[in-house]
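Trainee: Sequence and predicted structure are below.
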Amino acid sequence: MKRYPPAIRAFPHMIHGADYNPEQWLKWKDEIWQEDIRLAKQAGMNSLSVGIFAWSMLEPEEGEFHFEWLDEVMDLLAENGMKAVLATPTAARPNWLAEKYPEVLRMNDQRVRNLFGGRHNHCMSSPAYREKARIINTKLAERYKDHPALGMWHVSNEVSGDCHCPLCQQNFRLWLKEKYGSLDAINEKWWTTFWSHRYTKWEQIESPTRNWMGERDVHGLRLDWLRFTTDQHISFYRAETAPLKEITPDVPCTANLMADCEELDYYAYAKELDIVSWDNYPCWRGDEKGDVPIAIHAAFCHDLMYGLKRKPWFLMESSPSCTNWQPVAKLHRPGNLLRQSMQAVAHGSDSVQYFQFRKSRGSSEKFHGAVVSHEGTEKTRVYKDVCSVGETLKTLDDVVGTVKDGKAALIFDYHNNWALQDMRGALQERTAYRTEIEKHYAVLWKKHVPVEIIDQTCDLSTYKVVFAPMSYMLRGDFAKRVEAYVEQGGTFVTTYLTGYVDDTDLCFRHGFPGPLRKTLGIWAEELDSLYPEDENSIEWNGQSYRAHSLCELVHPETAKMLGQYGSDFYAGMAALTENVLGKGKAYYIAARTDEDFLSDFYQTVLDESGVSGVLKDQPFNGVSAQRRTDGEREYVFLMNFADTEKQITVDGESITLSPREVKLHTR
Ligand SMILES: [Zn+2]
C-alpha cells in the first residue's frame with residue numbers, strides 16, 4: 001500500500017481548520033469563544049491553529065506568563081473533539097523583548113537596524129532571541145504535552161529573509177571557514193582576483209548588498225550568503241523545535257512555507273519538517289481565460305510542496321474569501337472555494353485550512369477574508385461555502401495519506417535559480433528560470449500528467465522521464481547521477497543554458513554543457529539572445545515552430561539531430577537532438593519555444609517513455625484531472641477551471657461538470 005499514516009496520530013481524517021486568534025477577543029470571550037467553536041464545528045472543522053502571534057498575551061512582561069486563556073481554548077477544542085495546531089509564537093515578538101534586547105531586531109543589507117514592528121524580522125543569530133524562544137516553547141510543550149487537543153506544532157510563521165547584523169556576519173565567516181577551510185580556497189572558488197577583490201583576512205568578508213554600496217559582483221559570495229541564510233533558518237528551526245521534540249516526541253512539527261518564496265532552499269529546509277505545509281493565495285479571476293493560468297501556477301506550487309519530501313502535505317492557509325494584500329481583492333465566485341480547496345487535495349494535501357477564522361476588528365488584516373465575518377453569524381455566503389468544503393472533506397478519509405506516484409519529474413532547483421538570477425548576459429532578468437519551468441509544467445498539466453517537482457539532489461531512479469530545463473548550474477554529483485540514470489534506461493530532457501557553471505558559479509572549462517556533454521552528446525558553442533521582435537524557428541517532424549528569446553548554437557557529437565533552425569546565419573544547425581546512452585536517451589532543446597512545440601515534442605517523449613496522463617487522449621478543455629493513489633485504488637479529481645459547463649470522458653464514461661465544479665472518480 002502506497003499510503004502514509006495521518007500526520008496527526010490516530011486522527012485519520014482530512015484536517016479542516018483555520019488560523020484562530022481568540023486572544024484578540026479576550027474582553028468578549030464569554031460571548032464569542034463558545035460561539036466560535038459552535039460555528040467551526042457546524043462548518044465541519046476539526047482543527048484550529050492557535051497562538052501564532054500570541055507572545056505578548058502569553059508573556060506580557062519578561063518572565064511573567066499567562067497561559068490561563070490558552071488553557072481555556074485548548075479545553076474547548078478538546079471538549080468538542082477538535083485538534084489544535086498549536087503555534088510557537090516567535091514570528092512576532094512583544095515590545096519588551098525588542099526594547100530590552102535590541103539585538104533581536106534584524107539589520108538590513110545597508111546595515112540599518114529595524115525598529116520594533118511588523119513580524120518575521122528577528123535575527124536568527126541572536127542568543128537573546130534563541131533563549132527567549134527556548135523558554136516560551138519549553139513552557140508551551142510542558143503545559144500541553146498531555147493535552148488531548150494537541151495535534152501538531154506550527155513552528156513560527158512564514159519564515160523568510162536575512163539579517164546582516166554583526167552577529168550574523170560573524171556566523172557567516174564561521175560557516176565559510178567550515179566550508180572552505182582557507183581564504184585561498186575562497187579566493188579561488190569566488191574568483192576574487194577579478195576587480196582586485198581578493199580577501200586577505202576573514203574579517204574583510206561582508207555579506208553582499210543589493211546595490212553598489214558594497215559587494216554585489218562576486219557571485220560565489222551571494223550564492224554562499226543565500227545558502228548560509230537557509231542554514232541559519234534551519235539552525236533556528238532546530239533550536240526552536242528542540243524542546244518540542246524532547247517533551248512531545250510524538251507530535252509532528254511543521255512550518256508553513258510560501259511556494260513563491262525563492263530566497264530559501266526549501267528542499268534543504270523541508271528535511272527538518274515532519275510534514276510540509278504552505279499558504280496558498282491564488283488570485284482567481286472568475287473566467288476560464290483568467291483562471292486556467294492561475295490554476296496552473298497553484299498546481300505547480302502544490303506539486304513543489306509535494307516534491308519537497310515526496311509526501312502528502314498540509315494546506316495551512318488559504319482565504320475563504322478575498323485577501324487584503326493582493327492588488328485586487330476579488331471575491332470567490334460560487335463554487336470557487338470548493339474548487340480551490342479540492343485542487344490542493346488533488347495535488348497531495350491532507351488538509352484545507354484558512355486564514356482566518358474570525359476577522360480582526362482592527363489593524364492590517366481586518367478586511368482579509370475569514371470564515372466568520374464582522375457580522376458574526378452563519379448567515380453569510382462565505383460561511384456556507386466553508387460548510388460545503390467541510391461536507392466534502394468528511395467523505396475523503398480514504399484519500400488521507402495517499403500518494404502522487406508520478407512517473408514524470410520536473411526539476412526546479414533553488415541554487416540554479418539563484419545562479420541564473422545573478423547571470424549577466426543572455427536576457428538579464430528576462431532569463432526567467434522559474435517562469436520557464438512553469439511553462440514546461442503547464443504543458444504537462446494540460447496533458448493531465450502527474451508530475452513531481454524535485455531538485456538536483458533528489459533520487460531520479462523512480463521516474464521514467466525527468467525534465468530539467470535550463471540546468472545552468474550543475475551541483476554536486478547531479479551530472480554523474482543523470483548519466484547513470486540514462487544508462488539504466490531513463491529519459492532525460494533538458495534545454496539551452498544547461499551545464500554552464502559548477503556549484504560555486506565557476507564556468508566549466510572545456511566547453512558546455514560541462515559534465516553533461518557525454519550524456520547529451522553535444523557541444524554548445526554560443527548562445528544567441530534575441531530582441532522581443534526577433535524570432536527563429538525549429539523545424540521538426542515536418543512542422544515549423546517559433547523559437548525566440550534564446551537560441552543556442554550546438555554541435556551534435558554523438559547525438560542525432562532531430563530538428564534544425566529555420567533561419568538566420570545558423571539555419572540548418574541542430575535545434576533539437578537525441579542521444580542514446582546505454583538503455584536510455586537524453587534530449588536537448590536548444591532554443592526557447594512556445595507551448596505548442598513543447599506540447600507536441602513532449603507527447604512524443606511521454607509516449608516513448610510509457611508515461612500517460614490521468615485521462616488518456618483527452619485534449620485539455622478547461623478541465624484538469626489529477627490523481628492520488630494507494631497503489632490499488634486511484635482517486636481521480638476532475639476540476640472544471642471554466643465558468644461554463646464541460647464534458648469529459650473518463651474510463652469510457654461521459655461526465656458533465658457544471659461551471660467550477662469538482663468531481664471525484666474512483667477507479
Ligand atoms: Zn543578525
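Mentor: Arrived safely, thanks for sending. Numbers count the residues shown, from 1 in each chain.

Trainee: In space, what's closest to Gly348 - neighbours in sequence excluded?
Mentor: Spatially, and ignoring its direct neighbours in sequence, Gly348 is nearest to Tyr306 (4.1 Å; CB to CB, 6 or more residues apart in numbering). Just so you know, the C-beta spots here come from the backbone N, C-alpha and C atoms, and that holds for glycine as well.

Trainee: in the helix or strand harbouring the one you found, what's buried?
Mentor: Element membership of Tyr306, judged by DSSP states H and E, is helix 288-309. Neighbour-count burial for helix 288-309 flags 288, 291-292, 295-309 (criterion: 16 or more other CB atoms under 10 Å).

Trainee: next one: stretch 99-109
Mentor: Buried, per 16+ other CB under 10 Å, within stretch 99-109: 101-109.

Trainee: So which of these sit within helices?
Mentor: For the buried residues of stretch 99-109, membership in helices holds for none, with DSSP state H as the criterion.

Trainee: out of those, who's nearest Thr248?
Mentor: Of all the buried residues of stretch 99-109, Thr248 sits closest to Val104, with 25.7 Å by CB to CB.

Trainee: How much space separates Tyr570 from Thr494?
Mentor: From Tyr570 across to Thr494, the span is 20 Å (CB to CB, to the nearest Å).

Trainee: meant to ask about Ala432, not that
Mentor: 16 Å.

Trainee: Would you mind telling me which of the two has more residues around it?
Mentor: Thr494 (23 against 19; other CB atoms under 10 Å).

Trainee: Tell me if that one really is in a helix.
Mentor: No - assigned with DSSP: H, G, I helix; E, B strand; the rest coil, Thr494 falls outside any helix and is strand.

Trainee: surely it meets Tyr587?
Mentor: Yes - contact criterion CB atoms under 8 Å: Thr494 and Tyr587 qualify, at 7.4 Å.

Trainee: name the element the residue in the stretch 301-450 of the chain that the ion sits nearest to belongs to?
Mentor: Residue nearest to the ion within the stretch 301-450 of the chain: Trp418 (20.5 Å; CB to the ion). Element membership for Trp418, per DSSP H and E: helix 414-422.

Trainee: got it, and Ala259?
Mentor: Counting by DSSP H and E, Ala259 is found in no helix or strand.

Trainee: What about it, how many residues nearby?
Mentor: The burial count for Ala259: 20, using other CB under 10 Å.

Trainee: Assumed Leu562 was part of a helix.
Mentor: No - applying three-state DSSP, one finds Leu562 to be strand, outside a helix.

Trainee: residues touching it, list them.
Mentor: By CB atoms under 8 Å, 6 or more residues apart in numbering, the contact set of Leu562 is 540, 576-578, 587.

Trainee: do that again at 7 Å, thanks
Mentor: The contact partners of Leu562, by CB atoms under 7 Å, 6 or more residues apart in numbering, come to 540, 576-578.

Trainee: Among those residues, name the ones in strands.
Mentor: Counting by DSSP state E, the part of these found in strands is 540, 576-578.

Trainee: Most neighbours among the residues you listed, which one is it?
Mentor: Most neighbours among the ones in strands among the contacts of Leu562, by other CB under 10 Å: Leu576, with 27 neighbours.

Trainee: Need the nearest residue in space to Tyr267, chain neighbours excluded.
Mentor: Leaving out its chain neighbours, the residue that sits closest to Tyr267 by CB to CB, 6+ apart is Asp455, at 4.6 Å.

Trainee: Just the pLDDT for the one you found.
Mentor: At Asp455, the predicted lDDT confidence score is 98.

Trainee: before we move on, the earlier item: so the residue nearest to Gly348 sits against Lys404, correct?
Mentor: Yes - proximity of Tyr306 to Lys404 meets the contact threshold set by CB atoms under 7 Å, at 5.8 Å.

Trainee: Kindly point out which residues are neighbours of both of those two.
Mentor: Common neighbours of Tyr306 and Lys404 (criterion: CB under 7 Å, 6+ apart): 348, 452.

Trainee: Just after the biggest helix by length in the chain, pick out the following helix or strand.
Mentor: In the chain, assigned by DSSP H, the helix with the most residues is helix 219-247. Using DSSP H and E, the helix or strand that follows helix 219-247 towards the C-terminus is strand 253-254.

Trainee: Check which element follows that following strand along the chain.
Mentor: In N-to-C order, the element after strand 253-254 by DSSP H and E is strand 256-257.

Trainee: As PDB, could you dump the C-alpha coordinates of the next helix or strand after that next one?
Mentor: Next helix or strand after strand 256-257 toward the C-terminus (DSSP H and E): helix 266-270. C-alpha atoms of helix 266-270 as PDB (Å, rounded to 0.1, in the frame of the first residue of the first chain):
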ATOM      1  CA  TYR A 266      13.100  24.700   0.600                       C
ATOM      2  CA  TYR A 267      14.400  21.200  -0.200                       C
ATOM      3  CA  ALA A 268      17.100  21.600   2.400                       C
ATOM      4  CA  TYR A 269      14.700  23.300   4.900                       C
ATOM      5  CA  ALA A 270      11.900  20.600   4.400                       C
END
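
Trainee: just checking, next helix/strand downstream of helix 266-270?
Mentor: Counting by DSSP H and E, what follows helix 266-270 is strand 277-280.

Trainee: now for that next one, which elements pack on it?
Mentor: Contacts defined by 3 or more CB pairs under 7 Å, 6 or more residues apart in numbering; DSSP states H and E place strand 277-280 against strand 256-257, helix 288-309, strand 313-318.

Trainee: circling back to that earlier point, can you give me the angle the helix holding Tyr306 makes with strand 313-318?
Mentor: For helix 288-309 against strand 313-318, the angle by axes from the mean of the first three to the mean of the last three CA atoms, to 10 degrees is 130 degrees.
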